[in-house]
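S.K.: Sequence first, then the predicted structure, then my questions.
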Amino acid sequence: MRKRIFSGIQPSGKLHIGNYLGAIKNWIGLQDEYDCVWGIVDYHSMTIPYDPEGMEGRVIDCAATYLAAGLDPKKCVLMIQSKVKEHTELTWILNTVTPVSWLERVPTFKDKSKRFKDNINMGLMDYPTLMAADIILYKAHAVPVGEDQLPHLELTREIVRRFNNTFGDLFPEPKAIIQKGALIRGLDGQAKMSKSLNNCLYIDDTPEEIWKKLSVAVTDPQRIRKTDPGDPEVCNLFSLHQLFSTDEQIAYCAEGCRTAGIGCLQCKKILSENIAQELTPIREEKQKLLNNMSYIKDVLTEGIAHSQKIASKTIEEVYEKIGTNYKFMK
Ligand code: TRP
């Protein structure tokens, strides 16, 4: 039997190439090897201020992107977290074995508590417990994630150990599959690519938009004139070259940069064309899919039904362990 993996993306806005390179693109290669469940984790996206009216559109957008990028519903399961109620039910149960102190020291909680001072809600703090429930509900053996998610996964493993020790062995401890390209910096070269920082290339961007953004994107800050030699290792865009360009192009740009043989604009032109070449078919396919809503609906309905089956079985086992499988009610 193939080992199962689970991962998900929050439908918190348009997906950018950080989501694509750090998650979806890597998932495509895992579909043949593992029994995959890919979630659209809408309840996670409620932990910071959000627009309820736009939720449906964001979920549809996320599903269309998954499909357009190459996640194949014949090979994997696509689902919506809130539609399988066992995710939240199991979260409650896991809450009872999760010390508050563990959640307080999670880096994303500390960071978001600072950014959203007026809304430090229990959900924000409990975010990793819901994530643990997402993963272990399917008894996933592994979880493909970016490095920034490692503290969450470590917490999942601790919660699993606590649960198994308290109630008896039930869940495997999930391992991380670290994804390359998972830490994509924004076009400002400063922070992680993030919609709220306005430093993104979106999967939906047209070749013109890609070029417009790249042409003003930060490169090696020391390289001011075209005649100054640069250092590809500190150029933020060079890291994108390594993900989108051919070996020859990478070598050509690195050499050209070091010797001031080519200017940043020339280098950006090559990168821009390569990114456009990779994203255009996805953008076009996504547009087609969005005109075929019944297909998207069918894929998700089927994925949710499949997930539900696994979830129902797991939760029954959980009831048995925690003592709420009341025989007198049978
Ligand atoms: N926290 C993840 C992120 O923001 C999203 C997520 C939620 C997730 N549940 C998950 C990832 C379960 C992997 C497994 O990227």
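M.R.: That came in fine, so what should we check first?

S.K.: So Asp42 sits against Ile9, correct?
M.R.: No. Applying C-beta atoms under 8 Å as the test, Asp42 and Ile9 come out as separate, 10.2 Å apart. No exception for glycine: its C-beta is placed from N, CA and C like everyone else's.

S.K.: between those two, what contacts are shared?
M.R.: Common contacts of Asp42 and Ile9 (C-beta atoms under 8 Å, 6 or more residues apart in numbering): none found.

S.K.: Quick check: buried residues in the host helix or strand of Trp27?
M.R.: In this assignment (DSSP states H and E), Trp27 forms part of helix 25-30. For helix 25-30, a neighbour-count test (16 or more other C-beta atoms under 10 Å) marks 25-28, 30 as buried.

S.K.: and the residue of the stretch 201-330 of the chain nearest the ligand?
M.R.: Ser307 (12.8 Å; C-beta to the nearest ligand atom).

S.K.: What segments of the stretch 1-150 of the chain are strands?
M.R.: Ranges of strands in the stretch 1-150 of the chain, per DSSP state E, counting those that start in this stretch, are 4-9, 35-40, 77-80, 142-145.

S.K.: mind checking which of those strands is nearest Lys327?
M.R.: Closest of the strands of the stretch 1-150 of the chain to Lys327 is strand 4-9, at 30.3 Å (criterion: C-beta to C-beta).

S.K.: For the closest one, name the packing helices and strands.
M.R.: strand 35-40, helix 122-137, strand 142-145 (3 or more C-beta pairs under 8 Å, 6 or more residues apart in numbering; DSSP states H and E).

S.K.: between those, which one is nearest to the ligand?
M.R.: So among the helices and strands packed on strand 4-9, helix 122-137 is nearest, using C-beta to the nearest ligand atom, at 4.0 Å.

S.K.: From the contact counts, what lies against the longest helix along the chain?
M.R.: Secondary structure of the chain per DSSP state H: the longest helix is helix 293-322. In terms of contacts (3+ C-beta pairs under 8 Å, 6+ apart), helix 293-322 is packed against strand 35-40, helix 55-69, strand 77-80, helix 86-95, helix 122-137, helix 264-290.

S.K.: Any chance of JSON lines for the ones you listed, columns distance to Leu240 and mean neighbour count?
M.R.: Putting the helices and strands packed on helix 293-322 into JSON lines (distance: least, C-beta to C-beta, whole Å; neighbours: other C-beta atoms under 10 Å) gives the following:
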{"stretch": "strand 35-40", "distance to Leu240": "24", "mean neighbour count": "25"}
{"stretch": "helix 55-69", "distance to Leu240": "17", "mean neighbour count": "21"}
{"stretch": "strand 77-80", "distance to Leu240": "28", "mean neighbour count": "24"}
{"stretch": "helix 86-95", "distance to Leu240": "35", "mean neighbour count": "19"}
{"stretch": "helix 122-137", "distance to Leu240": "28", "mean neighbour count": "23"}
{"stretch": "helix 264-290", "distance to Leu240": "6", "mean neighbour count": "18"}
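
S.K.: Please name the nearest non-neighbouring residue to Ala311.
M.R.: Counting by C-beta to C-beta, 6 or more residues apart in numbering, the nearest residue to Ala311 once its immediate chain neighbours are dropped is Glu86, at 3.9 Å.

S.K.: so what's that neighbour up against?
M.R.: 133, 137, 308, 311-312, 314-315.

S.K.: Just the buried subset of these, please.
M.R.: By 16+ other C-beta under 10 Å, those give 133, 137, 311, 314-315 as buried.

S.K.: now, which of those residues sits nearest Ile296?
M.R.: Looking across those and measuring by C-beta to C-beta, the closest to Ile296 is Ala311, at 21.6 Å.

S.K.: returning to that earlier point: burial of the residue of the stretch 201-330 of the chain closest to the ligand, as a residue count?
M.R.: 24 (other C-beta atoms under 10 Å).

S.K.: And it, how far from Lys83?
M.R.: Distance from Ser307 to Lys83, counting by C-beta to C-beta, to the nearest Å: 8 Å.

S.K.: and what of Arg58?
M.R.: 15 Å.

S.K.: likewise Leu240?
M.R.: For Leu240, the distance to Lys83 - C-beta to C-beta - is 35 Å.

S.K.: what do you get for Gln287?
M.R.: Gln287 is 25 Å from Lys83, by C-beta to C-beta.

S.K.: now do Ile17
M.R.: For Ile17 relative to Lys83 (C-beta to C-beta), the value is 28 Å.
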